[in-house]
Every structure is written in structure tokens, then in C-alpha cells.
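In: can't give you the sequence, but here's the structure:
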Ligand SMILES: [Zn+2]
């Protein structure tokens with residue numbers, strides 16, 4: 001049975017998972033050199049939760065989320081739940097990682113700086129990092 005045939009017999013959820021993990025970019029993180037100076041060393045649970053959904057493996061015990069939704073063993077509800085703290089921490093970790101990489105390249109980086117938008121000096125632009133060469 002080839003990949004296309006497996007897809008045809010899969011549920012929509014499995015089909016989405018297999019298409020996502022089979023894209024070329026989805027494995028790029030596996031090629032990152034683990035380095036504590038870059039902050040990209042993964043703890044055991046972080047690795048388990050990162051790999052589990054890619055493999056279709058269970059990552060948690062079934063439970064009721066604080067938003068009242070039922071969470072199954074695959075835990076995909078956390079990807080869209082408004083109470084999910086993981087989304088915010090991933091966002092923050094990615095921003096900090098990019099900032100460290102820019103500083104390593106001798107650039108000055110400010111993560112989500114205030115006053116970038118002329119009409120709104122209080123709002124921090126989501127995901128925006130200012131880069132200015134130190135020279
Ligand atoms: Zn929820």
C-alpha cells in the first residue's frame with residue numbers, strides 16, 4: 001500500500017496529520033543542532049509532546065478542559081483552545097530564539113517593541129522584532 005492509498009483510507013484527522021508531517025518543512029526542526037547556548041535543548045516531556053502528534057501517538061489522559069471541551073488522548077484540542085498556555089509559551093520561546101540568533105549575528109534585536117505603529121503607541125506588534133545592525 002502506498003502513501004496515496006493510505007491517505008484515501010484514513011480519517012480526515014489522520015489525513016491532515018499525515019499531509020502535515022510529510023511536507024518538507026515539517027522535519028526542519030529535527031535538523032537543528034541541540035545547543036544550550038541557543039536554548040533549543042528539549043526536555044523529555046517537550047520532546048514527547050512534540051513528536052507524539054506527528055506520529056498520531058497519545059500524549060495525555062482524556063479529560064475535560066476548563067473551557068468545557070472534551071480532550072482526547074491525542075490532545076489536539078490544546079492547539080485551538082483559548083485557554084491553552086502552550087500557544088503563548090511557544091510564541092515567546094520562538095521570539096526569544098530568533099532574538100538570540102540575531103544577537104549572535106552581531107545584530108541588535110528588540111522583541112515586539114512598543115511604539116512601532118504610529119496610530120497606536122501602546123500596542124506591541126505581535127511577533128515583530130526590530131533588527132538594527134550594531135555597526
Ligand atoms: Zn479548552
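Out: All right, it came through fine. In this text the structure is predicted, and so the values were computed from the model without any measurement.
In: and this structure, which of its residues are near the ion?
Out: Within reach of the ion by CB under 5 Å from the ion, the chain has these residues: 65, 67, 69, 81. Any C-beta I mention is one placed from the backbone N, CA and C, and that applies to glycine too.
In: those in helices, which ones?
Out: Members of the residues of the chain next to the ion lying in helices (criterion: DSSP state H): none.
In: quick one, what contacts residue 20?
Out: Neighbour list for residue 20: 26, 54 [criterion: CB atoms under 8 Å, 6 or more residues apart in numbering].
In: quick one: it is in a strand?
Out: No - using DSSP: H, G, I helix; E, B strand; the rest coil, the assignment for residue 20 is helix, not a strand.
In: distance of it relative to residue 83?
Out: 24 Å (CB to CB, to the nearest Å).
In: quick one on the thing from earlier: farthest pair in the residues of the chain next to the ion?
Out: Within the residues of the chain next to the ion, 69 and 81 form the most distant pair, 6.8 Å apart (CB to CB).
In: which pLDDT value goes with the spatially most central residue of the chain?
Out: For the chain, residue 90 is the residue whose C-alpha lies nearest the centre (CA atoms, centre = their mean; 5.2 Å). Residue 90 carries a pLDDT value of 74.
In: cool, and residue 135?
Out: pLDDT for residue 135: 53.
In: please apply the same query to residue 130.
Out: 60.
In: now swap in residue 75 and tell me
Out: Residue-level confidence at residue 75 comes out at 89, pLDDT.
In: need phi/psi at residue 43.
Out: Per-residue torsions, residue 43: phi -80, psi 160 (degrees, to the nearest 10).
In: tell me the buried residues in stretch 44-58?
Out: Along stretch 44-58, these residues count as buried under the neighbour rule (16 or more other CB atoms under 10 Å): 49, 52, 53.
In: many thanks, have a good one.
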